[in-house]
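Engineer: Here is my input, please return the structure:
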Amino acid sequence: MFILYTKLLLKLSLALLIPGLFWLYFFTGQRKLFSYPFRSLISVFGMGIFVSIPAIAIEWFCVVVTQLMETQTTIFITAFFVIAPLEEYLKSLAVDIAGYSKNEEGNPRQILAWYFSAAIGFASIENMLYYFVFGPHVFFYRILISTIAHIACSGIIGYFIGTCYQQEHSGFFRGFFLALLLHGIYDFSLKLFPNSLWFWVPVFILIVCFLERKLEGGHSPSEEETPEEQKNLKESE
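Structural biologist: Okay, the predicted model is just below:
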């Protein structure tokens, strides 16, 4: 009986990962983006799942503490100084560990795709946990809204890193600060005002649409040709 339940749980868990794989293909499945698309993205996706484990453990502890003494102050501290920085840092760590493959250039669009992949992997395991704790009705909500929120926040970091790629300064800290601020405000406002979700849905969709446009072919400043390169290109034509 135990073996039977274990097999059913494993099959269900694998099935719950399918939405994450769909988002992975939807946002980063461009064949021309990487030399080896599956290999380049699935490793970051998997690392996004792996780094979510310590985040879930710490956040679970914070939830318990917050419920014992739930005030606006504890909610604020948890949102801005625990959950938001922890999750955004761990998703970035997943890219640092599993991204930047020696077989790839590591150009701005690839960096953005890696950050998308880490966010989708992270969200996938979170959504799976919510399914087992709260049921399928919460899962369907999370695969849409929460996944998009994670993609938007991580995408901001990836976009700023790509914008400053091969320049003297790194865009990580600027991107990380903006992602942390956005993530913290989202969690804090949603906890106090659940109906604010209807404000955040179009906000995250607009951010993701902007980032997806950059991924599909928009050029960051580091990718644009200099005036001298443009002149040489015209002369060669």
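Engineer: Let me see the contact set for the residue positioned nearest the centre of the chain.
Structural biologist: Among the residues of the chain, Ala119 comes closest to the average C-alpha position under Cα atoms, centre = their mean, at 2.2 Å. Contact analysis of Ala119 by Cβ atoms under 8 Å, 6 or more residues apart in numbering lists Gly48, Lys91, Thr147, His150, Ile151, Cys153, Ser154, Gly155. Just so you know, the C-beta spots here come from the backbone N, C-alpha and C atoms, and that holds for glycine as well.
Engineer: low-scoring pLDDT stretches of this protein, where are they?
Structural biologist: Scanning the chain for pLDDT under 70 picks out 1-2, 4-9, 11-12, 63, 65-67, 166-169, 218-237.
Engineer: what's the closest of the contacts of Ala119 to Thr78?
Structural biologist: Cys153 (16.5 Å; Cβ to Cβ).
Engineer: The closest one and Ile145, how far apart?
Structural biologist: Distance check for Cys153 against Ile145: by Cβ to Cβ, to the nearest Å, it reads 13 Å.
Engineer: Have a look at these two and say which one is more surrounded.
Structural biologist: Set side by side, Cys153 and Ile145 show more neighbours around Cys153, with 27 against 16, by other Cβ atoms under 10 Å.
Engineer: which residues are contacting the helix or strand where Ala84 lies?
Structural biologist: Assigned by DSSP states H and E, Ala84 falls within helix 84-98. With Cβ under 8 Å, 6+ apart as the test, helix 84-98 has contacts from 43-44, 46-48, 50-52, 54-55, 58-59, 111, 114-115, 117-119, 121-122, 150, 153-154, 157-158, 172, 176, 179-181, 183-184, 187.
Engineer: run the last query once more with 7 Å
Structural biologist: 43-44, 47-48, 51, 55, 58, 114-115, 118-119, 122, 153-154, 157, 176, 179-180, 183-184, 187 (Cβ atoms under 7 Å, 6 or more residues apart in numbering).
Engineer: Which of the residues you listed fall in helices?
Structural biologist: 43-44, 47-48, 51, 55, 58, 114-115, 118-119, 122, 153-154, 157, 176, 179-180, 183-184, 187 (DSSP state H).
Engineer: how about the closest residue to the residue nearest to the centre of the chain other than its chain neighbours, what does it touch?
Structural biologist: Computed as Cβ to Cβ, 6 or more residues apart in numbering, the closest residue to Ala119 that is not its neighbour in sequence is Ser154, at 3.7 Å. By Cβ under 7 Å, 6+ apart, the contact list for Ser154 reads Glu88, Lys91, Tyr115, Phe116, Ala118, Ala119, Ala179.
Engineer: measure the second one to Gly99 for me?
Structural biologist: In this case it means Lys91. For Lys91 relative to Gly99 (Cβ to Cβ), the value is 11 Å.
Engineer: Name the residue in the two with the higher neighbour count.
Structural biologist: Lys91 (30 against 23).
Engineer: Can you give me the distance of that one to Thr147?
Structural biologist: In terms of Cβ to Cβ, Lys91 sits 12 Å off from Thr147.
Engineer: what's the overlap in contacts for these two?
Structural biologist: Going by Cβ under 7 Å, 6+ apart, no residue sits against Lys91 while also sitting against Thr147.
Engineer: Just the strands from this protein, written as ranges.
Structural biologist: For the chain, strands defined by DSSP state E do not occur.
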